[in-house]
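Undergrad: the amino acid sequence is not available; the structure is as follows:
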């Protein structure tokens with residue numbers, strides 16, 4: 001095709017991204033992670049203060065009583081639990097709050113309009129939440145370092161279990177964000193899902209001292225294996241088989257991820 005001045009006009013072609021739109025996936029990750037970075041003072045200060053308060057209260061609650069768990073000090077037992085709780089809580093909150101906020105402001109169209117598949121959207125949100133959770137967990141670990149002793153000889157295991165646990169709660173955060181239509185829903189999910197799941201996982205009490213029914217419930221809780229893996233990697237003290245824990249976490253991530261992907265593909269509560 002030739003214009004009036006002899007310039008050849010070429011029809012625009014659709015941009016090809018291949019099987020995976022890596023640019024779009026990375027852009028969504030950066031968009032969501034940027035929200036955390038913009039409010040880094042509040043996003044970091046809150047989990048750090050909460051973790052230090054939990055740590056102080058637990059130490060004061062025992063008073064002068066002796067710590068009865070063998071082969072591990074109280075601070076070494078509690079610190080990894082607080083680190084993993086910070087990772088999971090931030091991963092869940094980051095995605096669910098972001099999606100719900102975009103629903104209310106109409107900005108969710110900015111995520112739905114680009115050439116991203118449902119799987120790419122889910123991964124973009126979940127991986128960003130995992131990154132945010134790991135940053136928070138690292139800062140909490142630094143703040144608790146003066147009071148606990150970390151054995152970093154098994155650092156790859158710590159990173160794996162922290163990332164796997166963060167990814168699981170990031171995927172759950174996407175699910176909560178899609179399901180929620182009001183901030184009451186977001187608060188209810190945090191209160192009735194996250195808090196019982198995290199607290200009833202061997203965070204502050206060894207699983208072995210629980211009654212048999214309690215031990216069974218904890219064994220069915222994926223968060224227990226993430227927590228136990230981080231604790232084992234940092235201190236060498238663990239209650240569950242790390243291979244079993246890895247299998248449970250991988251399976252849980254695949255199962256929850258498949259559910260979230262299917263709902264995202266259907267446009268469940270995200271498309272007007």
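TA: Arrived safely, thanks for sending. Quantities reported herein were computed from a predicted structural model and do not represent experimental measurements.
Undergrad: packing partners for the helix or strand containing residue 134?
TA: Taking DSSP states H and E as the criterion, residue 134 maps to helix 118-144. The helices and strands touching helix 118-144, judged by 3 or more CB pairs under 8 Å, 6 or more residues apart in numbering; DSSP states H and E, are helix 22-38, helix 40-62, helix 74-105, helix 155-179, helix 242-266. (Each C-beta comes from the backbone N, C-alpha and C, glycine too.)
Undergrad: between these, which gets nearest to residue 221?
TA: Closest to residue 221 of those is helix 242-266 (CB to CB; 9.3 Å).
Undergrad: in the closest one, what counts as buried?
TA: The neighbour-count check on helix 242-266 (16 or more other CB atoms under 10 Å) flags 242, 245-246, 248-249, 252-253, 256-257, 260-261, 263-264 as buried.
Undergrad: swap in stretch 36-49?
TA: So stretch 36-49, judged by 16+ other CB under 10 Å, has buried residues 36, 43-44, 46-48.
Undergrad: kindly reformat those as CSV and extend each row with pLDDT and distance to residue 186.
TA: Below are the buried residues of stretch 36-49 laid out as CSV (pLDDT from 0 to 100; distance: CB to CB, whole Å):
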residue, pLDDT, distance to residue 186
36, 83, 17
43, 78, 16
44, 81, 21
46, 84, 16
47, 86, 17
48, 87, 22
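Undergrad: want to throw those residues into a markdown table with distance to residue 160?
TA: Shown next, in a markdown table, are the buried residues of stretch 36-49 (distance: CB to CB, whole Å):
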| residue | distance to residue 160 |
| --- | --- |
| 36 | 22 |
| 43 | 24 |
| 44 | 23 |
| 46 | 26 |
| 47 | 21 |
| 48 | 24 |
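Undergrad: which one of those residues sits closest to residue 227?
TA: Nearest to residue 227 among the buried residues of stretch 36-49 is residue 47, at 15.7 Å by CB to CB.
Undergrad: if I look at the closest one, how far off is residue 200?
TA: 20 Å (CB to CB, to the nearest Å).
Undergrad: next one: residue 34
TA: Per CB to CB, residue 34 is found 34 Å from residue 200.
Undergrad: looking at these two now, which is surrounded by more residues?
TA: Shown here are residue 34 and residue 200; by other CB atoms under 10 Å, residue 200 has more neighbours (16 against 10).
Undergrad: wait, isn't that one in contact with residue 220?
TA: No - using CB atoms under 8 Å, residue 200 is not in contact with residue 220, being 10.3 Å away.
Undergrad: can you tell me the SS state at residue 146?
TA: What DSSP: H, G, I helix; E, B strand; the rest coil gives for residue 146 is coil.
Undergrad: okay, and the nearest residue to residue 248 once chain neighbours are set aside sits in which element?
TA: Distance criterion CB to CB, 6 or more residues apart in numbering; nearest residue to residue 248, sequence neighbours excluded, is residue 225 at 4.9 Å. Secondary-structure element containing residue 225, defined by DSSP H and E: helix 222-235.
Undergrad: next one: that helix to chain centre, how far?
TA: Relative to its parent chain, helix 222-235 has a centroid offset of 14 Å by CA atoms, centre = their mean, to the nearest Å.
Undergrad: quick check: end-to-end length of stretch 207-223?
TA: End-to-end span of stretch 207-223 (CA to CA, to the nearest Å): 13 Å.
Undergrad: could you do stretch 174-184 as well?
TA: 16 Å.
Undergrad: what's next to that stretch, contact-wise?
TA: 92, 95-100, 103, 122, 125-126, 129, 185-186, 189, 193, 256, 259-260, 263-264, 268-270 (CB atoms under 8 Å, 6 or more residues apart in numbering).
Undergrad: do I have it right that residue 58 meets residue 204?
TA: Yes - applying CB under 8 Å, one finds residue 58 in contact with residue 204, separated by 6.3 Å.
Undergrad: what do those two both touch?
TA: Between them, residue 58 and residue 204 share these contacting residues under CB under 8 Å, 6+ apart: residue 78.
Undergrad: and the two? which has more neighbours close in?
TA: residue 58 (17 against 14).
Undergrad: dump the residue contacts of that one.
TA: Per CB under 8 Å, 6+ apart, neighbours of residue 58: 74, 78, 204.
Undergrad: what's the answer for residue 137, then?
TA: Listed by CB under 8 Å, 6+ apart, the contact partners of residue 137 are 83-84, 86-87, 90, 162, 166.
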